[in-house]
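A.B. asks: here is a sequence together with a model predicted from it:
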Amino acid sequence: MNYQFITIEGNIGVGKTTFSKMLAEELGYRVVLEEFADNPFLPKFYNKPDRYAFSLELFFMAERYRQMGDLRDQDLFSKGIVSDYFFVKSKLFAENNLSDDELLLFNRLSEIALKNLPKPDLIIYLHSSVKRLQKNIRKRGRSYEQNISDNYLFDIQNKYFDFFKKYNEFPVLVVDVSEVDFVNNANVLNQLVDLTNKSYEKGINRISLL
């Protein structure tokens, strides 16, 4: 296996957690999932984003740092890890949600934290149309997510792509899953799993599923 630390990324509602669990099971890796439900500011943010954005993003960053730090300290990468987030996610969402002054402070903190954390060997970015994302969001039924706007999802998508264009420390596989079902279609899942057996250039690699 070429990759010991694989990160699954993507927009809200694309299926990161579901796919991370499935991929980890297929590879025999440990799965590490973001504990978003523990963030007390998440429902408040969607009701009053200006008031709670900084608290939301700071809490997320602290929890991600703790979780990734535990992995580093326990040397759990010997088995292989699949995670449903990359720590830089904190920075990207902060860029979208915070004021300039808040972002300045947040970035200073996140840059210090990132230096001390392990980086993935491979990122698989699941891309989906906003229409499909909204359908998935409605289906999973989290009450605080039901009013997420199309524009917000487009903004998050653009933050990811802007970052990937500039960052080339490891391969990023951009896979369009707008029209496929990796949960119920074994052929699609197998194609996604097979991606982890190949070598890629650092930076963006756009992948088409058959």
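C.D. replies: Here it is on my side, so go on.
A.B. asks: which parts of this protein are helices?
C.D. replies: Using DSSP state H, the helices found in the chain span residues 16-27, 42-47, 49-74, 89-97, 100-115, 130-140, 150-166, 186-194.
A.B. asks: what angle sits between the lowest-mean-pLDDT helix or strand in the chain and helix 89-97?
C.D. replies: Ranking every helix and strand in the chain by mean pLDDT, DSSP states H and E puts helix 49-74 at the bottom, with a mean of 88. If you take axes from the mean of the first three to the mean of the last three C-alpha atoms, to 10 degrees, helix 49-74 sits at 170 degrees to helix 89-97.
A.B. asks: tell me what helix 49-74 is packed against?
C.D. replies: Secondary-structure packing of helix 49-74 (3 or more C-beta pairs under 8 Å, 6 or more residues apart in numbering; DSSP states H and E): helix 42-47, helix 89-97, helix 100-115. For the C-beta atoms, the positions are set from N, CA and C on the backbone; glycine is no exception.
A.B. asks: quick one: which of these is nearest residue 61?
C.D. replies: Closest of those to residue 61 is helix 89-97, at 4.2 Å (criterion: C-beta to C-beta).
A.B. asks: can you list the buried residues in that closest one?
C.D. replies: Within helix 89-97, the residues that count as buried by 16 or more other C-beta atoms under 10 Å are 89-95, 97.
A.B. asks: need the winner for burial among the helices and strands packed on helix 49-74.
C.D. replies: Mean neighbour count (mean count of other C-beta atoms under 10 Å) peaks for helix 89-97 among the helices and strands packed on helix 49-74, with a mean of 20.
A.B. asks: and that helix, C-alpha only, in PDB?
C.D. replies: Output of helix 89-97 as PDB, limited to C-alpha atoms (Å, rounded to 0.1, in the frame of the first residue of the first chain):
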ATOM      1  CA  LYS A  89     -10.300  22.400   6.700                       C
ATOM      2  CA  SER A  90     -10.300  24.700   9.800                       C
ATOM      3  CA  LYS A  91      -8.500  27.400   7.800                       C
ATOM      4  CA  LEU A  92     -10.800  27.100   4.700                       C
ATOM      5  CA  PHE A  93     -14.000  27.400   6.600                       C
ATOM      6  CA  ALA A  94     -12.600  30.200   8.700                       C
ATOM      7  CA  GLU A  95     -11.800  32.100   5.500                       C
ATOM      8  CA  ASN A  96     -15.400  31.800   4.500                       C
ATOM      9  CA  ASN A  97     -17.000  32.600   7.900                       C
END
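A.B. asks: identify the residues contacting it?
C.D. replies: 9, 45, 49, 53, 56-57, 60-61, 64, 102-103, 106-107, 110, 152, 155-156, 159-160, 163 (C-beta atoms under 8 Å, 6 or more residues apart in numbering).
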